[in-house]
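> Structure for the following, please:
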Amino acid sequence: MSPESLQTVSLALAQERSVDAVLRRIVEGLTSQTGVALARVWLLAPGDICATCPMRSECPDHTRCLHLAASQGKPSKKSDDWSRLDGAFRRFPLGVRKVGRVAALGVPIFIKEVSRDMGEFARPEWIKDEGIRSFGCQPLVFRGEILGALAIFNRSPCDDASFAWLRAFADHAAVALANSRAFAEIERLREQLELENSYLREEVREVGPSAGRLIGESPALRHVVQQLDLVAPTGANVLIVGESGTGKELVAREIHERSLRRHKAMIRVNCASIPRDLFESEFFGHVKGAFTGALRDRAGRFQVADGGTLFLDEVGEIPLDLQGKLLRAIQEGQFERVGEDVPRTVDVRLVAATHRDLTGEVKAGRFREDLYYRLSVFPIRVPPLRERPADIPLLAAHFVESASKRLNLPRARLTRADVDRLTAYDWPGNIRELQNVIERAVIVSRGGQLQLDALLPTPAAGRSPVPASASPAVLSDAALRQRNRENLEVALRECGGRIYGPEGAAARLGIKPTTLASRLKALGITRPRDR
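A predicted model of the protein is given here:
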């Protein structure tokens, strides 16, 4: 081997950034040397073919072994292909045979005359047929860590000086491999950041500037918040159910923001908007050329959400025959890109939402029961707006404020009559409908009183409004205490005498359980089960 030639190859290695390019340069550079018949590189990696590996019986540790990563040579028969990586020696157990011992101990092996040590080789007939005279194997070591092993088979004698140059070359190769792996990791993190930024920009466009925190003080909303406080820090999968427009996505964002994953992104997938043929690609990604139109590698939503939260909006719209692939990814935390057979592992928390009755869909055979139970570890029901009329004034004021700022219009005035009018309506479109009505009214009003006459049905279409001019009757202290007493007794009866918990009377009344217990004691009320 020529020292000058090896130096040239070492300089070329330093210019490469990808692992594959470095490996190719190593074996091509070595086989270009006079007398070198075959050059190979094995790298340490997890065990993957243990069940079929021909050296399984010799392997002391099935967790990792040497993988053949690069091979190049000059066979005497043109029909032979020495660049293949799937031959009999594609794996070497650590500590087994020459290559395995070099990688396990970090000590090189040099055989000047193989004819004297034919017992060291698994295929002595191949050694004779190819005229192999000498063999050398060097460990690839970077900062004290063994990365793998480099081996050459020579058709000419190899002296100690040449083997010493091979040691120096192996050190350069190890540095180049370590650097290329570092560059690959940097590139992976850069792509991950770009993907997250791209998805987040998409989210900003879709969600709009009106997105915010939960607004309201009604008992129904307080019950939802209590459930959020319970489940958000746990990491359990959550299924959010409710009518369209009730704010299920906002609840999902609250779960993410209150969780331990809040420093990572929440990636949203609208399952109803994904074309059937692109479902796998959207969720799991694809490689270039996997199908028509796949012009480059693309990461899926599972990969982008790694370490964070994946929000499956309208999960009930996923076709039945595709639900099994989603279930596998959830159960095993692994997936494969379309057109690729390399499993990828992710750590993702699932939060799903639907307006469908999934239990009914399961009974009808349109939704997998096992997938339903995987998603609904902790179900949360978001109440429709008609069940939380006390929140309508707060929501209306918020939408007036936000719409005025966003549309650059003077702030419209929300009167008591407007609030009564809004509260009297049933809002079949829920919060989304309320927001749209308020925005249209802000545009029409131009800074004056909110104009709702042309935007809402007559009061007969909803609940009867409370007249703005009507004054409530004045109650005596005794009558007020009696009314409070009756209200507490009704709440206790409906809750079976239960005070604590999400189904207790305190949650129904929107007060703390200790406060309710004090009021019961002050009024001399006993619970039904205490009587």
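> Where do the domain boundaries of this structure fall?
3-183, 208-382, 386-461, 477-530 (automatic domain parsing).
> Out of those domains, flag the one nearest Glu191.
The closest of those to Glu191 is domain 208-382. By CB to CB, the value is 7.0 Å. Every residue, glycine included, has its C-beta placed from N, CA and C.
> The stretch 1-150 of the chain: strands as residue ranges?
Remark: strands assigned in the stretch 1-150 of the chain by DSSP state E, counting those that start in this stretch are 36-46, 64-73, 91-92, 109-111, 134-142, 145-154.
> any idea which of the ones you listed is most buried?
A comparison of those by mean neighbour count, using mean count of other CB atoms under 10 Å, puts strand 91-92 on top with a mean of 24.
> starting at the chain centroid, how far to that strand?
34 Å (CA atoms, centre = their mean, to the nearest Å).
> Can you name every helix or strand that it contacts?
With contacts defined as 3 or more CB pairs under 8 Å, 6 or more residues apart in numbering; DSSP states H and E, strand 91-92 has these neighbours: strand 64-73, helix 97-105.
> Out of the ones you listed, which gets nearest to Arg508?
strand 64-73 (58.3 Å).
> So what are the sheet partners of the closest one and their directions?
Sheet pairing of strand 64-73 (DSSP bridges) gives strand 36-46 (antiparallel), strand 91-92 (antiparallel).
> and the helix or strand encompassing His256, what does it pack onto?
Taking DSSP states H and E as the criterion, His256 maps to helix 248-257. Applying 3+ CB pairs under 8 Å, 6+ apart, we find helix 248-257 packed against helix 219-231, strand 238-241, strand 266-270, strand 309-313, strand 349-354.
> okay if I get those as TSV plus distance to His256, mean pLDDT and mean neighbour count?
Output for these, formatted as TSV (distance: least, CB to CB, whole Å; pLDDT from 0 to 100; neighbours: other CB atoms under 10 Å):
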stretch	distance to His256	mean pLDDT	mean neighbour count
helix 219-231	11	93	18
strand 238-241	10	96	25
strand 266-270	4	90	22
strand 309-313	4	94	24
strand 349-354	7	95	25
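> show me where pLDDT drops low in the stretch 201-350 of the chain?
Applying pLDDT under 70 to the stretch 201-350 of the chain flags residues 201-212.
> in the stretch 251-400 of the chain, which spans are strands?
Under DSSP E, counting those that start in this stretch, the stretch 251-400 of the chain gives strands at 266-270, 285-286, 298-299, 309-313, 334-335, 344-345, 349-354, 378-381.
> Check which residues of stretch 113-121 are buried.
Going by neighbour count (16 or more other CB atoms under 10 Å), the buried part of stretch 113-121 is Val114, Phe121.
> How about stretch 336-344?
Glu336, Arg337, Val338, Gly339, Arg344.
> Quick check: of those residues, which lies closest to Asp306?
Arg344 (8.9 Å).
> who does that closest one bridge with?
With DSSP bridges as the rule, Arg344 is bridged to Phe335.
> how about it, what does it touch?
The contact partners of Arg344, taken as CB atoms under 8 Å, 6 or more residues apart in numbering, are Gln303, Gln334, Phe335, Glu336, Arg337.
> would you turn the helices and strands packed on helix 248-257 into CSV with distance to Trp126?
Below are the helices and strands packed on helix 248-257 laid out as CSV (distance: least, CB to CB, whole Å):
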stretch, distance to Trp126
helix 219-231, 63
strand 238-241, 60
strand 266-270, 53
strand 309-313, 52
strand 349-354, 53
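> Please name whichever of these is nearest to Gln33.
Set against Gln33 and scored by CB to CB, the helices and strands packed on helix 248-257 come closest in strand 266-270, at 50.6 Å.
> related to what we said a few turns ago, dump the buried residues of stretch 336-344 to JSON lines, plus distance to Arg101.
Compiled in JSON lines, the buried residues of stretch 336-344 are given as follows (distance: CB to CB, whole Å):
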{"residue": "Glu336", "distance to Arg101": "35"}
{"residue": "Arg337", "distance to Arg101": "37"}
{"residue": "Val338", "distance to Arg101": "41"}
{"residue": "Gly339", "distance to Arg101": "39"}
{"residue": "Arg344", "distance to Arg101": "33"}
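> Determine which two of the residues you listed are furthest apart.
Gly339 and Arg344 (13.2 Å).
> The closest residue to Gly365 other than its chain neighbours and Ile274: what is the separation?
Once flanking residues are discounted, Gly365 sits nearest to Leu320: 7.8 Å by CB to CB, 6 or more residues apart in numbering. Noted for Leu320: a distance of 15 Å to Ile274, by CB to CB, to the nearest Å.
> Could you state which residue of this protein sits nearest its centroid?
Ala305 (2.6 Å; CA atoms, centre = their mean).
> Bridged to the residue nearest to it when sequence neighbours are not counted, which residues?
Of all residues not flanking Ala305 in the chain, Ile267 sits nearest, at 4.1 Å (CB to CB, 6+ apart). For Ile267, the beta-bridge partners under DSSP bridges are Leu310.
> just checking, Ile267 touches Val304?
Yes: at 5.2 Å, Ile267 counts as touching Val304 under the criterion of CB atoms under 8 Å.
> returning to that earlier point: between Leu320 and Ile274, which one's more packed in?
Using other CB atoms under 10 Å as the criterion, Leu320 and Ile274 rank with Ile274 on top: 20 against 12.
> how close does the nearest residue to that one once chain neighbours are set aside get to Glu503?
The shortest distance from Ile274 to any non-neighbouring residue, by CB to CB, 6+ apart, is to Glu282 (5.0 Å). Distance, Glu282 to Glu503, using CB to CB: 39 Å.
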